[in-house]
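[1] quick one, what's the 3D model for this:
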Amino acid sequence: MESFSLVAPYYETLMRSVPYGMWLEYLRLHWSLAGIEPKTVLEVCCGTGKLSRMLAQEGYGVQGVDKSEAMIHEARDLAASEGLSIPFHCADAAQLEIDCTFDAGFSFFDSLNNIVEIGQFRAALANVRRHLNPGGHFLFDLNTAFAFEQGMFDQEESDPDEPIRYRWRSSWDSGTRICTIHMEFQTADSRFEETHVQRAYTEGEVVEAMLTAGFVEVGLYDSYTLNRPHSRSDRVHVSGKAPS
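    Model (predicted):
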C-alpha cells in the first residue's frame, strides 16, 4: 500500500496541533529577506493542502502538487468545502511538469526526506527550479540524521477519546542513512498500517543538489531561526533563489 494512502482521510486530525501559522510567518520572513513579494506560490508535496488553503485565503495564487492520489483527493475536497478554487496536481516532484511558473515555492514538514534516492532528490529540486520565475524563491525543510538517531518518529497516542490512535516505531540505518517507520493506526471502526521511509541528506548533498539545480544564494538554517545548523539540529530549512 502506497504511503499516505490509508491515513489521508485522518491526516488533518493527526496534524491539528501543528503550528501552521508560525510556519507561514517563517516562510514570509524568508520572502522578506530575499526581497520578494510573491503573488503566485507553488506548494511541493502539499499533502492535504492546509498551507495552500491558508495562503489562498490571504489572496495568494496557489497551486499544490503531491505524489499521493489519496492526499490530493482530500486536498481538493477540503478546498471545495472552504469555497476555495486551488489547482491541486497529483504528480511526483521528481517528474513535475505544470504549464506555468511561480514567484515562490515551498515544501514543509520534511516532505522531501521521503525522496530516498539522491538522483530523484536532485531531479525534484531541478524541477522546482524550472517552475520558478526569475528571482523566484524556494524554501523547504528536512529532518536530519540526528533526529532519526534520537528516534523522533517513535510516537504513540492511546487515548480512547481520540478519533484516531496510533503507534509508530522507527529503525535507523546509519550506513544507508535511511529511517524506516512502521505505523499502526486504529479508529472506532478500522485498524490499518503504513510504512514510511525517509532519508537523511548531508549538508554537502543538499548544497550540491541545490547548486546543480541552478539555485543561487543557497542558505541552510537551524529550523525556524536564522542561525546556522549545528550538530544537534533535528531539522534544517534550506532556501535558494532562481537567478534573476
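[2] so who does residue 80 touch?
    Residue 80 makes contact with no residue, according to CB atoms under 8 Å, 6 or more residues apart in numbering. C-betas here are computed from N, CA, C, even on glycine.
[3] please, which helix or strand holds it?
    Per DSSP states H and E: residue 80 is located in helix 69-81.
[4] moving C-terminal of that helix, what's the next helix or strand?
    strand 88-90.
[5] list the buried residues in that following strand.
    residue 88 (16 or more other CB atoms under 10 Å).
[6] output the contacting helices and strands for it.
    Strand 88-90 is packed against strand 61-66, helix 69-81, with contacts defined by 3 or more CB pairs under 8 Å, 6 or more residues apart in numbering; DSSP states H and E.
[7] can you tell me which of these is most buried?
    Highest mean neighbour count among those (mean count of other CB atoms under 10 Å): strand 61-66, with a mean of 24.
[8] thinking again about what came up before, tabulate the helices and strands packed on strand 88-90 (JSON lines), appending distance to residue 99 and mean pLDDT.
    Shown next, in JSON lines, are these (distance: least, CB to CB, whole Å; pLDDT from 0 to 100):
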{"stretch": "strand 61-66", "distance to residue 99": "11", "mean pLDDT": "98"}
{"stretch": "helix 69-81", "distance to residue 99": "17", "mean pLDDT": "98"}
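[9] now those in CSV, with distance to residue 22?
    Putting the helices and strands packed on strand 88-90 into CSV (distance: least, CB to CB, whole Å) gives the following:
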stretch, distance to residue 22
strand 61-66, 19
helix 69-81, 21
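[10] relative to residue 28, which of these is closest?
    Smallest distance to residue 28 across these (CB to CB): 13.9 Å, for strand 61-66.
[11] the closest one pairs with which strands, parallel or anti?
    strand 40-44 (parallel), strand 88-90 (parallel) (DSSP bridges).
[12] ok so, going back, in CSV, list the C-alpha atoms belonging to the helix holding residue 80.
    Extracted C-alpha coordinates of helix 69-81, given in CSV (Å, rounded to 0.1, in the frame of the first residue of the first chain):
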residue,chain,number,x,y,z
GLU,A,69,-3.6,10.4,-5.0
ALA,A,70,-5.4,10.0,-1.7
MET,A,71,-3.9,13.2,-0.2
ILE,A,72,-4.7,15.2,-3.4
HIS,A,73,-8.3,13.9,-3.2
GLU,A,74,-8.5,15.2,0.4
ALA,A,75,-6.9,18.5,-0.6
ARG,A,76,-9.4,19.1,-3.3
ASP,A,77,-12.4,18.2,-1.1
LEU,A,78,-11.2,20.4,1.7
ALA,A,79,-10.6,23.3,-0.6
ALA,A,80,-14.0,23.0,-2.1
SER,A,81,-15.6,22.8,1.4
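[13] just how off-centre is that helix within its chain?
    16 Å (CA atoms, centre = their mean, to the nearest Å).
[14] strands of the chain, start to end?
    For the chain, the strands defined by DSSP state E cover 40-44, 61-66, 88-90, 102-107, 132-143, 155-157, 165-173, 178-186, 191-199, 216-222, 235-241.
[15] alright, I will stop here.
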